[in-house]
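In: Sharing a model prediction with you, sequence too.
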Amino acid sequence: MATLAQVVDTGVSTAAQLEALCAAKPTAVFFWAAWHEPSKGQMTQVFDALAGQFGAQANFVKLEAETVPEISAKHGVSVVPTFLFLKAGGELMAKIEGADAPGVAAKLQALVASGAQGAPATSAPAAGAGSQASEPDAAMSLNDRLARLVSSAPVMLFMKGDPSNPRCKFSRQIVELLGEEKIPYGSFDILQDEEVRAGLKVYSDWQTYPQLYAQGELIGGIDVVKDMQAEDESLAVQLGLADATTTDSSGSAAMNVIVDVTQRCKHLMKRSKVILFMKGNPDEPRCGFSRKCVALLREEKVAFDSFDILTDEEVRQKLKELSEWPTYPQLYVDGELVGGLDVIQELKDSGDLKETLAGSESSE
(Lines give C-alpha, C1' and ligand atoms only; values in the text may rest on other atoms or scores of the structure.)
Protein backbone atom coordinates (compact mmCIF):
# COMPACT_ATOMS: atom_id res chain seq x y z
CA MET A 1 0.00 0.00 0.00
CA ALA A 2 1.30 3.51 -0.82
CA THR A 3 2.15 5.85 2.02
CA LEU A 4 -0.17 8.78 2.75
CA ALA A 5 2.54 11.19 1.63
CA GLN A 6 2.41 9.52 -1.79
CA VAL A 7 -1.38 9.37 -1.91
CA VAL A 8 -2.56 12.80 -0.68
CA ASP A 9 -1.55 15.57 -3.09
CA THR A 10 -0.99 18.96 -1.42
CA GLY A 11 0.89 20.57 -4.30
CA VAL A 12 -2.05 21.65 -6.48
CA SER A 13 -2.28 25.45 -6.64
CA THR A 14 -4.26 26.34 -9.78
CA ALA A 15 -7.55 25.32 -11.34
CA ALA A 16 -5.70 24.11 -14.42
CA GLN A 17 -3.57 21.76 -12.33
CA LEU A 18 -6.66 20.33 -10.65
CA GLU A 19 -8.40 19.85 -14.01
CA ALA A 20 -5.36 18.02 -15.38
CA LEU A 21 -5.21 15.78 -12.32
CA CYS A 22 -8.83 14.65 -12.55
CA ALA A 23 -8.89 14.32 -16.35
CA ALA A 24 -8.52 10.54 -16.30
CA LYS A 25 -9.21 9.53 -12.70
CA PRO A 26 -11.89 10.26 -10.05
CA THR A 27 -10.65 12.90 -7.61
CA ALA A 28 -11.61 13.82 -4.03
CA VAL A 29 -10.67 17.35 -2.95
CA PHE A 30 -10.55 18.41 0.71
CA PHE A 31 -10.55 22.17 1.52
CA TRP A 32 -9.36 22.98 5.04
CA ALA A 33 -8.14 25.96 7.07
CA ALA A 34 -5.36 26.28 9.63
CA TRP A 35 -7.69 28.10 12.04
CA HIS A 36 -10.46 25.47 11.88
CA GLU A 37 -9.75 22.68 14.34
CA PRO A 38 -12.20 20.04 12.98
CA SER A 39 -10.68 20.29 9.50
CA LYS A 40 -7.14 20.15 10.91
CA GLY A 41 -7.86 17.21 13.18
CA GLN A 42 -10.79 14.85 12.77
CA MET A 43 -11.49 15.39 9.08
CA THR A 44 -7.80 15.22 8.14
CA GLN A 45 -7.64 11.83 9.84
CA VAL A 46 -10.75 10.66 7.98
CA PHE A 47 -9.44 11.91 4.63
CA ASP A 48 -6.03 10.31 5.19
CA ALA A 49 -7.65 7.01 6.17
CA LEU A 50 -9.79 7.00 3.03
CA ALA A 51 -6.76 7.92 0.92
CA GLY A 52 -4.88 4.97 2.35
CA GLN A 53 -7.78 2.68 1.46
CA PHE A 54 -8.73 4.03 -1.98
CA GLY A 55 -5.56 5.76 -3.15
CA ALA A 56 -5.13 3.33 -6.05
CA GLN A 57 -8.62 4.08 -7.38
CA ALA A 58 -8.90 7.85 -6.97
CA ASN A 59 -6.80 10.99 -6.58
CA PHE A 60 -6.84 12.66 -3.18
CA VAL A 61 -6.10 16.39 -3.03
CA LYS A 62 -5.87 18.44 0.17
CA LEU A 63 -5.95 22.24 -0.20
CA GLU A 64 -5.81 25.07 2.34
CA ALA A 65 -8.81 27.04 1.04
CA GLU A 66 -7.50 30.54 1.66
CA THR A 67 -4.21 29.86 -0.17
CA VAL A 68 -5.89 28.73 -3.41
CA PRO A 69 -8.47 31.50 -4.06
CA GLU A 70 -8.80 30.65 -7.77
CA ILE A 71 -9.84 27.06 -7.07
CA SER A 72 -12.01 28.03 -4.08
CA ALA A 73 -13.86 30.67 -6.11
CA LYS A 74 -14.39 28.38 -9.09
CA HIS A 75 -16.01 25.71 -6.93
CA GLY A 76 -17.91 28.06 -4.62
CA VAL A 77 -15.97 27.12 -1.50
CA SER A 78 -16.97 29.44 1.36
CA VAL A 79 -17.02 26.92 4.20
CA VAL A 80 -14.39 24.67 5.72
CA PRO A 81 -14.21 21.80 5.61
CA THR A 82 -15.59 21.37 2.09
CA PHE A 83 -15.22 18.19 0.06
CA LEU A 84 -15.57 17.93 -3.71
CA PHE A 85 -16.03 14.60 -5.46
CA LEU A 86 -15.09 14.91 -9.13
CA LYS A 87 -15.64 12.12 -11.63
CA ALA A 88 -12.94 11.25 -14.14
CA GLY A 89 -13.09 14.12 -16.62
CA GLY A 90 -13.85 16.71 -13.94
CA GLU A 91 -17.65 16.50 -13.62
CA LEU A 92 -18.83 17.31 -10.10
CA MET A 93 -20.54 14.29 -8.58
CA ALA A 94 -21.15 15.69 -5.09
CA LYS A 95 -20.15 18.42 -2.66
CA ILE A 96 -20.22 18.19 1.13
CA GLU A 97 -19.84 21.18 3.46
CA GLY A 98 -19.06 20.57 7.11
CA ALA A 99 -17.41 17.87 9.23
CA ASP A 100 -19.63 15.01 8.02
CA ALA A 101 -17.29 11.99 8.23
CA PRO A 102 -19.87 9.29 7.35
CA GLY A 103 -21.14 11.40 4.47
CA VAL A 104 -17.63 11.86 3.09
CA ALA A 105 -16.96 8.13 3.35
CA ALA A 106 -20.21 7.32 1.53
CA LYS A 107 -19.57 9.82 -1.26
CA LEU A 108 -16.02 8.56 -1.67
CA GLN A 109 -17.32 5.03 -2.02
CA ALA A 110 -19.75 6.19 -4.71
CA LEU A 111 -17.00 8.14 -6.46
CA VAL A 112 -14.73 5.11 -6.61
CA ALA A 113 -17.61 2.99 -7.87
CA SER A 114 -18.27 5.54 -10.65
CA GLY A 115 -14.79 4.92 -12.02
CA ALA A 116 -14.70 1.17 -11.50
CA GLN A 117 -16.65 0.12 -14.63
CA GLY A 118 -19.21 -1.76 -12.57
CA ALA A 119 -16.82 -3.27 -10.03
CA PRO A 120 -18.49 -3.70 -6.61
CA ALA A 121 -17.63 -1.00 -4.12
CA THR A 122 -16.19 -1.91 -0.75
CA SER A 123 -17.40 -0.56 2.55
CA ALA A 124 -15.77 2.68 3.69
CA PRO A 125 -16.76 3.43 7.30
CA ALA A 126 -15.44 6.54 8.97
CA ALA A 127 -12.22 6.16 10.89
CA GLY A 128 -12.82 4.47 14.23
CA ALA A 129 -16.38 3.41 13.42
CA GLY A 130 -17.57 -0.17 12.89
CA SER A 131 -19.48 -1.07 9.74
CA GLN A 132 -22.70 -1.80 11.65
CA ALA A 133 -22.68 1.66 13.23
CA SER A 134 -21.87 3.62 10.08
CA GLU A 135 -25.37 3.61 8.56
CA PRO A 136 -27.25 4.99 11.59
CA ASP A 137 -24.41 7.42 12.28
CA ALA A 138 -24.62 8.67 8.69
CA ALA A 139 -28.39 9.12 9.01
CA MET A 140 -27.97 11.04 12.25
CA SER A 141 -25.28 13.25 10.73
CA LEU A 142 -27.44 13.95 7.68
CA ASN A 143 -30.41 14.87 9.88
CA ASP A 144 -28.22 17.28 11.83
CA ARG A 145 -27.00 18.83 8.60
CA LEU A 146 -30.56 19.18 7.25
CA ALA A 147 -31.71 20.77 10.51
CA ARG A 148 -28.94 23.36 10.18
CA LEU A 149 -29.74 24.00 6.52
CA VAL A 150 -33.49 24.57 6.97
CA SER A 151 -32.72 27.04 9.78
CA SER A 152 -29.83 28.82 8.06
CA ALA A 153 -32.07 31.79 7.13
CA PRO A 154 -35.45 32.98 8.50
CA VAL A 155 -36.99 31.89 5.19
CA MET A 156 -35.19 29.16 3.26
CA LEU A 157 -36.01 27.87 -0.23
CA PHE A 158 -34.79 24.49 -1.46
CA MET A 159 -35.08 24.60 -5.23
CA LYS A 160 -33.70 23.36 -8.53
CA GLY A 161 -31.10 25.89 -9.58
CA ASP A 162 -30.72 29.27 -7.89
CA PRO A 163 -32.92 32.41 -7.82
CA SER A 164 -31.02 33.94 -10.76
CA ASN A 165 -31.26 30.73 -12.80
CA PRO A 166 -34.17 28.46 -11.76
CA ARG A 167 -34.00 25.07 -13.46
CA CYS A 168 -37.65 24.00 -13.31
CA LYS A 169 -40.90 25.90 -13.82
CA PHE A 170 -42.08 25.38 -10.24
CA SER A 171 -38.85 26.78 -8.82
CA ARG A 172 -39.18 29.72 -11.21
CA GLN A 173 -42.76 30.34 -10.10
CA ILE A 174 -41.95 30.38 -6.40
CA VAL A 175 -38.94 32.69 -6.95
CA GLU A 176 -41.20 35.10 -8.86
CA LEU A 177 -43.86 34.91 -6.14
CA LEU A 178 -41.41 35.62 -3.33
CA GLY A 179 -40.00 38.49 -5.38
CA GLU A 180 -43.47 39.98 -5.87
CA GLU A 181 -44.06 39.83 -2.12
CA LYS A 182 -40.59 41.25 -1.38
CA ILE A 183 -39.79 38.28 0.85
CA PRO A 184 -36.07 37.98 1.75
CA TYR A 185 -34.88 34.39 1.72
CA GLY A 186 -31.90 32.10 1.47
CA SER A 187 -31.76 29.32 -1.09
CA PHE A 188 -30.14 25.93 -1.66
CA ASP A 189 -29.73 24.25 -5.04
CA ILE A 190 -30.71 20.61 -4.45
CA LEU A 191 -29.29 19.64 -7.85
CA GLN A 192 -25.81 20.20 -6.42
CA ASP A 193 -26.17 17.69 -3.58
CA GLU A 194 -27.99 14.41 -4.14
CA GLU A 195 -27.74 13.50 -0.45
CA VAL A 196 -29.61 16.65 0.59
CA ARG A 197 -32.07 16.23 -2.28
CA ALA A 198 -33.04 12.71 -1.22
CA GLY A 199 -32.66 13.21 2.52
CA LEU A 200 -34.83 16.31 2.76
CA LYS A 201 -37.78 14.44 1.24
CA VAL A 202 -37.64 12.01 4.16
CA TYR A 203 -36.79 14.68 6.75
CA SER A 204 -39.78 16.84 5.78
CA ASP A 205 -42.08 14.04 4.55
CA TRP A 206 -42.55 16.12 1.39
CA GLN A 207 -41.69 14.38 -1.87
CA THR A 208 -41.34 17.24 -4.36
CA TYR A 209 -39.38 20.44 -4.93
CA PRO A 210 -39.30 23.35 -4.38
CA GLN A 211 -39.75 23.32 -0.60
CA LEU A 212 -40.09 26.51 1.45
CA TYR A 213 -39.20 26.72 5.14
CA ALA A 214 -39.82 29.54 7.62
CA GLN A 215 -38.16 29.69 11.03
CA GLY A 216 -36.91 26.14 10.41
CA GLU A 217 -40.38 24.70 9.78
CA LEU A 218 -41.69 23.34 6.47
CA ILE A 219 -44.29 25.57 4.80
CA GLY A 220 -44.76 23.49 1.65
CA GLY A 221 -44.35 23.77 -2.10
CA ILE A 222 -45.55 26.20 -4.75
CA ASP A 223 -49.26 25.33 -4.37
CA VAL A 224 -49.20 25.93 -0.61
CA VAL A 225 -47.38 29.24 -1.01
CA LYS A 226 -49.85 30.35 -3.71
CA ASP A 227 -52.73 29.59 -1.34
CA MET A 228 -51.02 31.61 1.39
CA GLN A 229 -50.54 34.52 -1.00
CA ALA A 230 -54.30 34.53 -1.64
CA GLU A 231 -55.08 34.90 2.08
CA ASP A 232 -56.07 38.28 3.54
CA GLU A 233 -53.06 38.20 5.83
CA SER A 234 -49.78 39.22 4.24
CA LEU A 235 -47.41 36.44 3.24
CA ALA A 236 -44.71 38.24 5.23
CA VAL A 237 -46.83 37.96 8.37
CA GLN A 238 -47.58 34.29 7.73
CA LEU A 239 -43.88 33.55 7.33
CA GLY A 240 -43.01 35.31 10.58
CA LEU A 241 -41.26 38.26 8.90
CA ALA A 242 -43.77 40.89 9.93
CA ASP A 243 -46.04 41.88 12.80
CA ALA A 244 -49.76 42.60 12.29
CA THR A 245 -50.62 43.25 15.96
CA THR A 246 -50.73 47.07 15.79
CA THR A 247 -53.59 49.23 14.45
CA ASP A 248 -53.67 52.37 12.36
CA SER A 249 -55.61 55.57 13.12
CA SER A 250 -58.84 54.05 11.76
CA GLY A 251 -58.56 51.04 14.05
CA SER A 252 -57.76 48.66 11.19
CA ALA A 253 -54.94 46.18 11.50
CA ALA A 254 -51.63 47.68 10.47
CA MET A 255 -48.61 45.67 9.52
CA ASN A 256 -45.16 46.44 10.87
CA VAL A 257 -43.20 44.68 8.16
CA ILE A 258 -39.62 43.66 8.81
CA VAL A 259 -38.98 43.02 5.13
CA ASP A 260 -37.21 46.30 4.37
CA VAL A 261 -33.54 45.50 4.77
CA THR A 262 -32.81 48.59 6.89
CA GLN A 263 -35.56 47.70 9.32
CA ARG A 264 -34.46 44.09 9.40
CA CYS A 265 -30.93 45.15 10.30
CA LYS A 266 -32.15 47.42 13.08
CA HIS A 267 -34.40 44.64 14.35
CA LEU A 268 -31.49 42.19 14.34
CA MET A 269 -29.16 44.62 16.10
CA LYS A 270 -31.60 44.75 19.02
CA ARG A 271 -32.70 41.10 18.88
CA SER A 272 -30.53 40.25 21.87
CA LYS A 273 -28.61 42.23 24.45
CA VAL A 274 -25.30 41.02 22.97
CA ILE A 275 -25.21 39.89 19.35
CA LEU A 276 -22.29 39.08 17.09
CA PHE A 277 -22.66 39.42 13.32
CA MET A 278 -20.15 36.90 12.02
CA LYS A 279 -19.29 34.49 9.25
CA GLY A 280 -20.72 31.13 10.28
CA ASN A 281 -21.97 30.41 13.79
CA PRO A 282 -20.20 30.12 17.16
CA ASP A 283 -19.79 26.36 16.83
CA GLU A 284 -18.63 26.55 13.20
CA PRO A 285 -16.99 29.92 12.47
CA ARG A 286 -16.15 30.37 8.80
CA CYS A 287 -13.30 32.85 9.08
CA GLY A 288 -10.38 33.28 11.45
CA PHE A 289 -11.55 36.67 12.75
CA SER A 290 -15.00 35.33 13.65
CA ARG A 291 -13.40 32.37 15.37
CA LYS A 292 -11.19 34.66 17.50
CA CYS A 293 -14.16 36.87 18.46
CA VAL A 294 -16.18 33.86 19.60
CA ALA A 295 -13.24 32.65 21.71
CA LEU A 296 -12.85 36.06 23.38
CA LEU A 297 -16.55 36.31 24.19
CA ARG A 298 -16.69 32.79 25.55
CA GLU A 299 -13.73 33.51 27.80
CA GLU A 300 -15.85 36.22 29.45
CA LYS A 301 -18.62 33.65 30.08
CA VAL A 302 -21.27 36.10 28.84
CA ALA A 303 -24.23 34.79 26.85
CA PHE A 304 -24.41 36.19 23.33
CA ASP A 305 -26.54 35.75 20.24
CA SER A 306 -25.15 35.53 16.71
CA PHE A 307 -26.19 36.08 13.11
CA ASP A 308 -24.49 34.42 10.15
CA ILE A 309 -24.08 37.19 7.58
CA LEU A 310 -23.23 34.59 4.92
CA THR A 311 -26.89 33.55 4.90
CA ASP A 312 -28.23 36.98 3.93
CA GLU A 313 -26.34 39.13 1.43
CA GLU A 314 -28.73 42.06 1.86
CA VAL A 315 -28.11 42.22 5.60
CA ARG A 316 -24.39 41.72 5.05
CA GLN A 317 -24.12 44.79 2.80
CA LYS A 318 -26.67 47.06 4.52
CA LEU A 319 -25.24 46.53 8.02
CA LYS A 320 -21.83 47.73 6.84
CA GLU A 321 -23.52 50.90 5.58
CA LEU A 322 -25.59 51.48 8.73
CA SER A 323 -22.70 50.83 11.11
CA GLU A 324 -20.10 52.60 8.95
CA TRP A 325 -17.94 49.58 9.70
CA PRO A 326 -16.71 47.84 6.53
CA THR A 327 -15.68 44.42 7.87
CA TYR A 328 -16.94 41.46 9.87
CA PRO A 329 -17.35 40.33 12.57
CA GLN A 330 -19.28 43.17 14.25
CA LEU A 331 -20.36 43.09 17.91
CA TYR A 332 -23.43 44.95 19.22
CA VAL A 333 -24.52 45.53 22.81
CA ASP A 334 -27.99 46.96 23.49
CA GLY A 335 -28.34 47.69 19.78
CA GLU A 336 -25.14 49.76 19.65
CA LEU A 337 -22.00 48.86 17.73
CA VAL A 338 -19.00 47.99 19.89
CA GLY A 339 -16.67 47.16 16.99
CA GLY A 340 -14.79 44.33 15.38
CA LEU A 341 -12.07 41.96 16.47
CA ASP A 342 -9.42 44.64 17.09
CA VAL A 343 -11.75 46.61 19.37
CA ILE A 344 -12.85 43.49 21.25
CA GLN A 345 -9.23 42.44 21.72
CA GLU A 346 -8.29 45.91 23.04
CA LEU A 347 -11.20 45.81 25.50
CA LYS A 348 -10.11 42.35 26.60
CA ASP A 349 -6.50 43.44 27.10
CA SER A 350 -7.54 46.52 29.08
CA GLY A 351 -9.91 44.53 31.29
CA ASP A 352 -12.98 46.48 30.07
CA LEU A 353 -14.65 43.81 27.95
CA LYS A 354 -16.90 42.34 30.64
CA GLU A 355 -18.17 45.79 31.65
CA THR A 356 -18.79 46.67 27.99
CA LEU A 357 -20.75 43.47 27.44
CA ALA A 358 -22.83 44.26 30.53
CA GLY A 359 -23.90 47.44 28.69
CA SER A 360 -26.61 49.55 30.24
CA GLU A 361 -26.96 47.18 33.20
CA SER A 362 -23.59 48.31 34.56
CA SER A 363 -24.74 51.96 34.76
CA GLU A 364 -28.05 51.34 36.50
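Out: Nice, I can see it. Numbers count the residues shown, from 1 in each chain.

In: quick one: low-confidence parts of this protein?
Out: Within the chain, the set of residues satisfying pLDDT under 70 comprises 1-7, 115-141, 152, 242-260, 359-364.

In: Break it into its domains for me.
Out: Annotated domains of the chain cover 4-141, 151-236, 262-357 [automatic domain parsing].

In: Need the residues that contact stretch 14-22.
Out: For stretch 14-22, contacts defined as C-beta atoms under 8 Å, 6 or more residues apart in numbering pick out 9, 12, 27, 29, 59, 61, 68, 70-71, 74, 86-90. C-beta here means a position set from N, CA and C on the backbone, and glycine is covered the same way.

In: Go through that stretch and flag the buried ones.
Out: Judged by neighbour count using 16 or more other C-beta atoms under 10 Å, the buried positions of stretch 14-22 are 18-19, 21-22.

In: From M228, how far out is the closest residue to I219 other than its chain neighbours?
Out: Leaving aside its sequence neighbours, I219 sits nearest to L212 (C-beta to C-beta, 6 or more residues apart in numbering; 4.4 Å). Distance, L212 to M228, by C-beta to C-beta, to the nearest Å: 9 Å.

In: Could you do Y332 as well?
Out: As judged by C-beta to C-beta, Y332 and M228 stand 33 Å apart.

In: where does the nearest residue to Y185 once chain neighbours are set aside fall, phi/psi-wise?
Out: Once flanking residues are discounted, Y185 sits nearest to V155: 4.0 Å by C-beta to C-beta, 6+ apart. The phi/psi pair for V155 (degrees, to the nearest 10) reads phi -130, psi 130.

In: got it, and R316?
Out: The phi/psi pair for R316 (degrees, to the nearest 10) is phi -60, psi -50.

In: how far away is the nearest residue to it once chain neighbours are set aside from D349?
Out: Spatial nearest neighbour of R316, excluding adjacent residues (C-beta to C-beta, 6+ apart): I309 at 4.2 Å. Per C-beta to C-beta, I309 is found 26 Å from D349.

In: Just confirm V225 is within a strand.
Out: No. Under DSSP: H, G, I helix; E, B strand; the rest coil, V225 sits outside any strand and is assigned helix.

In: ok, how many other residues are close to it?
Out: 23 (other C-beta atoms under 10 Å).

In: Equivalent analysis for E355, please.
Out: By other C-beta under 10 Å, the residues close to E355 number 12.

In: pretty sure it belongs to a strand, no?
Out: No. E355 is assigned helix when assessed by three-state DSSP, not a strand.

In: From L347, how far out is it?
Out: Noted for E355: a distance of 9 Å to L347, by C-beta to C-beta.

In: higher neighbour count, I309 and D349?
Out: I309 (22 against 9).

In: Go ahead and confirm that one touches K318.
Out: No. Contact criterion C-beta atoms under 8 Å: I309 and K318 do not qualify, at 10.3 Å.

In: And the contacts of stretch 14-22, which is closest to K279?
Out: Closest to K279 out of these is V68 (18.5 Å), distances taken as C-beta to C-beta.

In: Can you give me the distance of V46 to A101?
Out: From V46 over to A101 the distance is 5 Å, taken as C-beta to C-beta.

In: How about S272, nearest residue that isn't a chain neighbour?
Out: Once flanking residues are discounted, S272 sits nearest to D305: 3.5 Å by C-beta to C-beta, 6+ apart.

In: now the one you found, which residues is it bridged with?
Out: Judged by DSSP bridges, the bridge partners of D305 are I275.

In: And the helices in the stretch 251-364 of the chain?
Out: 261-269, 288-299, 313-323, 341-350, 353-358 (DSSP state H, counting those that start in this stretch).

In: buried stuff in the last one?
Out: What that stands for is helix 353-358. Those would be 353, 356-358, for helix 353-358 by 16+ other C-beta under 10 Å.

In: Remind me what that helix packs against, helices and strands.
Out: Packing partners of helix 353-358 (3 or more C-beta pairs under 8 Å, 6 or more residues apart in numbering; DSSP states H and E): helix 341-350.

In: Could you do the longest one as well?
Out: For helix 288-299, the packing partners by 3+ C-beta pairs under 8 Å, 6+ apart come out as strand 274-278, helix 341-350.

In: out of the ones you listed, deepest packed?
Out: strand 274-278 (a mean of 23; mean count of other C-beta atoms under 10 Å).

In: Helices along the stretch 51-200 of the chain, start to end?
Out: Counting by DSSP H, counting those that start in this stretch, the helices of the stretch 51-200 of the chain are 69-74, 101-114, 131-150, 169-180, 194-204.

In: buried sites along the last one?
Out: Right, the one you point to is helix 194-204. Within helix 194-204, the residues scored as buried using 16+ other C-beta under 10 Å are 195-197, 199-200, 203-204.

In: and what of the fourth one?
Out: Neighbour-count burial for helix 169-180, with 16+ other C-beta under 10 Å as criterion, is recorded at 170-175, 177-178.

In: outside of it, which residues touch it?
Out: So helix 169-180 is in contact with 155, 157, 159-161, 163, 166, 185, 208-210, 212, 221-222, 225-226, 229, going by C-beta under 8 Å, 6+ apart.

In: Tell me the one of the buried residues of stretch 14-22 nearest G41?
Out: L18 (24.6 Å).

In: In terms of helices and strands, where is that closest one?
Out: Assigned by DSSP states H and E, L18 falls within helix 15-21.
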